[in-house]
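**Q** just a sequence and a predicted model for now, questions to come.
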Amino acid sequence: MDPIVVVGGGLAAARATETLRDQGYDGPLVVVAGEPMPPYERPPLSKEYLRGEAGRADLRPLDADWYSDHNVDLRTGTSVTALDVGARSVTTAPGGSQRYSRLVLATGSRVRRIDVPGAELDGVHYLRSVRDADRLSTALSEDGPVVVVGDGWIGMEVAASARQLGRDVTVVGRGPHPLASLGAEVARVFTGVHEDNGVRLLHGRSVVAIQGDGTRASSVHLDDGTSLAARTVVVGIGVTPEVGLAAEAGLDLVADRDGGGVAVDGTLRTSAPEVWAVGDIAAVPSARFDRLLRIEHWAVADETGKHAARAVMGSEEPYDVLPYFFSDQFDLGMEAKGLTEGDVVISGSAEDRECVAFWVDGGRVNGAMAVNVWERMDEAEELIRHDGTVDRATLESFAG
């Protein structure tokens, strides 16, 4: 019998593999991971791992021995270079051709590169892999100013970690304020904690060049003429879903204007026979929001990996998990569910950084974010899933 093959080296691949065994599948199972280590989780790379508070073993959702103990053929340091859905096979390097009975694609995302003069100088870093984090951690152990290009979640988390390591940190963003998707009122909660801890935040600016002293970056130049000294430059301007394999194999994709990714049904099955897509690449139909959602968060990788494995084993249950994400920056902890779309209603004190923010559209709650308020997400989810409107007074009193 041809094996089930899982392609990917992140959390989604690990959860799919684990769930297949938990669901009773005892046949041949192959995991193809491009990096030279077992599948791992990425959120700690910008936080505790980057600061040296966690090691590589802490990144793994499954122990290194789990794969051999469960008769899983784990092929690390191996890339899938082609997918033939007609022949039901993948081409790997090294390795050649590998047939499959069923296939789970968990290919994740790649970082977007900045396209300015000097972008290839030493000292310019991106953060996606363990290797990236190791190199950046070494750079942050050295004295000298740090410039973070990009003020989304990764940029702000890296800035917090760099500042906690004692570096002088400046964050440069193109939008009107950091974490633009939250809106100014909620984003102010996060900018306040950064400013209180000595991070310099510049918004509405673009990087036009990175200049160097020999082969190493030494300054970042902005479109308003500002020059920022920089021993270390960290670029965090988003990611792009790795859909190359799917595209070349003819799987249905979603247009970039609609969020991109691989189109799947409620079981995460793609348009190709016996092929499922999970994690960052999966554009999943949402009954609550009545559209496809492609979400690049830890919890989506965790949940879609498990869901697809159950579908591989015959489940027809549609995926219906609300998007969930979290962040830790300095002494601020946050968790959120749903979407940050609509008008904002605040419960609690944003000024004291203990609050719950709701995003509301036409009286319906689209999303909720708890800042330094814990164990309320189940209640918030009930409001998001409520089939009707929720009055403002109920939301304003939620954290009280």
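**A** Structure's in. What do you need?

**Q** show me the biggest helix of this structure in terms of residues.
**A** Ranked by residue count, the top helix of the chain under DSSP state H comes out as helix 298-312.

**Q** which neighbouring elements make contact with whichever helix or strand comes after it?
**A** Remark: after helix 298-312, the chain's next helix or strand is strand 324-329, criterion DSSP states H and E. Helices and strands touching strand 324-329, as assessed by 3 or more CB pairs under 8 Å, 6 or more residues apart in numbering; DSSP states H and E, comprise helix 153-164, helix 184-196, helix 298-312, strand 332-338. (Each C-beta comes from the backbone N, C-alpha and C, glycine too.)

**Q** one more pass at 7 Å, please.
**A** On a contact count with 3 or more CB pairs under 7 Å, 6 or more residues apart in numbering; DSSP states H and E, strand 324-329 meets helix 153-164, helix 298-312, strand 332-338.

**Q** quick one, that strand and helix 298-312 angle?
**A** 150 degrees (axes from the mean of the first three to the mean of the last three CA atoms, to 10 degrees).

**Q** and the helices in the protein?
**A** Under DSSP H, the chain gives helices at 11-22, 66-69, 130-140, 153-164, 184-196, 244-248, 298-312, 377-385, 392-396.

**Q** right, and those helices - which one's nearest residue 369?
**A** Residue 369 sits nearest to helix 184-196 of all those, at 6.7 Å, using CB to CB.

**Q** and that closest one, what does it pack against?
**A** Counting by 3+ CB pairs under 7 Å, 6+ apart, helix 184-196 packs on helix 153-164, strand 200-202, strand 343-349.

**Q** need the winner for burial among the ones you listed.
**A** The highest mean neighbour count among the helices and strands packed on helix 184-196, using mean count of other CB atoms under 10 Å, belongs to helix 153-164: a mean of 25.

**Q** ok, and what's touching that helix?
**A** Helix 153-164 is contacted by residues 46-47, 50-51, 127, 140, 146, 148, 169, 171, 178-179, 190, 194, 197-199, 234, 236, 327, 329-330 when judged by CB atoms under 7 Å, 6 or more residues apart in numbering.

**Q** outside of stretch 182-195, which residues touch it?
**A** Contacts to stretch 182-195, defined as CB under 7 Å, 6+ apart, come from residues 156, 159-160, 177-179, 201, 329-330, 332, 340, 344, 346, 350, 353, 357, 369, 371.

**Q** cool, stretch 249-257 as well?
**A** The contact list for stretch 249-257, computed with CB under 7 Å, 6+ apart, reads 83-85, 243, 246-247, 260-263, 270-272, 275, 283, 292.

**Q** if you set the cut-off to 6 Å instead, what comes out?
**A** For stretch 249-257, contacts defined as CB atoms under 6 Å, 6 or more residues apart in numbering pick out 83, 85, 243, 247, 260-263, 270-272, 283, 292.

**Q** and which of those is nearest to residue 312?
**A** Comparing these against residue 312 with CB to CB picks out residue 270 as the nearest, at 12.2 Å.
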